[in-house]
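Engineer: when you get a sec, could you give me coordinates for this:
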Amino acid sequence: MHMARTAFALAFAFILVASAKSAFAFKACEADSTSAACVGAKNKNNLILCGRYSLSFSADVLPVGHISGSGVITSDCEGNLIKGEETISTDGQICVGKLAGNYSMNQNGTGTVNFSLVPYDITVLCPIVVFTESISVGQNGQIVKAINTDGDEVTIQEEWVHQ
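Structural biologist: Have a look, this model is predicted:
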């Protein structure tokens, strides 16, 4: 009987230690997105889009006119786009603002991005813009091609390059 209690106590202690290690690994994932424990806790499809990107685009917005821009954005590898800034020119009107969003990747390297651009100086000519894009990620996350999927914009070209 004593042996059975000892075995049960050891098994229970092992379960507690394993649970604590799992909880610690999940917490560590917030601080270190490259650790092996973290990689296992993430949506593996989102890992292909990971790190800091520079971006540029050119499009026609109906009925506004031509729009182009460039900027930077960082993917946290977990579906969030953070620390972004973008400068856009709409027929010569320059707007600079904070770019942020979220994304969801498919196993084949395609995905969807939801963005918001909040100008530092919001005006009628520089409004807050919310938009959705369809993306494809290539060269193991080094390059991203995108098109706007909102009905009022025809993307001529958009590309992100991993920095």
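Engineer: which outside residues touch the helix or strand containing Gly111?
Structural biologist: Counting by DSSP states H and E, the element that carries Gly111 is strand 110-119. Strand 110-119 is contacted from outside by 45, 49, 81, 86, 88, 95-105, 126-137, 146, 149, using C-beta atoms under 8 Å, 6 or more residues apart in numbering. For the C-beta atoms, the positions are set from N, CA and C on the backbone; glycine is no exception.
Engineer: give me the sheet partners of that strand and which way each runs.
Structural biologist: strand 93-105 (antiparallel), strand 129-138 (antiparallel) (DSSP bridges).
Engineer: any weak-confidence spans in this structure?
Structural biologist: Scanning the chain for pLDDT under 70 picks out 1-42.
Engineer: where do the strands sit along it?
Structural biologist: Along the chain, counting by DSSP state E, strands occupy 51-61, 65-75, 80-90, 93-105, 110-119, 129-138, 143-148, 153-162.
Engineer: next one: the first one to chain centre, how far?
Structural biologist: I take that to be strand 51-61. Its chain's C-alpha centre and that of strand 51-61 lie 14 Å apart, by C-alpha atoms, centre = their mean, to the nearest Å.
Engineer: give me the angle between that strand and strand 65-75.
Structural biologist: Going by axes from the mean of the first three to the mean of the last three C-alpha atoms, to 10 degrees, strand 51-61 is angled at 170 degrees with respect to strand 65-75.
Engineer: give me the buried positions along strand 51-61.
Structural biologist: Residues of strand 51-61 classed as buried by neighbour count (16 or more other C-beta atoms under 10 Å): Tyr53, Leu55, Phe57, Ala59, Val61.
Engineer: what does that strand contact?
Structural biologist: For strand 51-61, using C-beta under 8 Å, 6+ apart, the contacting residues are 66-75, 77, 83, 86, 90, 141, 144, 146, 148, 152-163.
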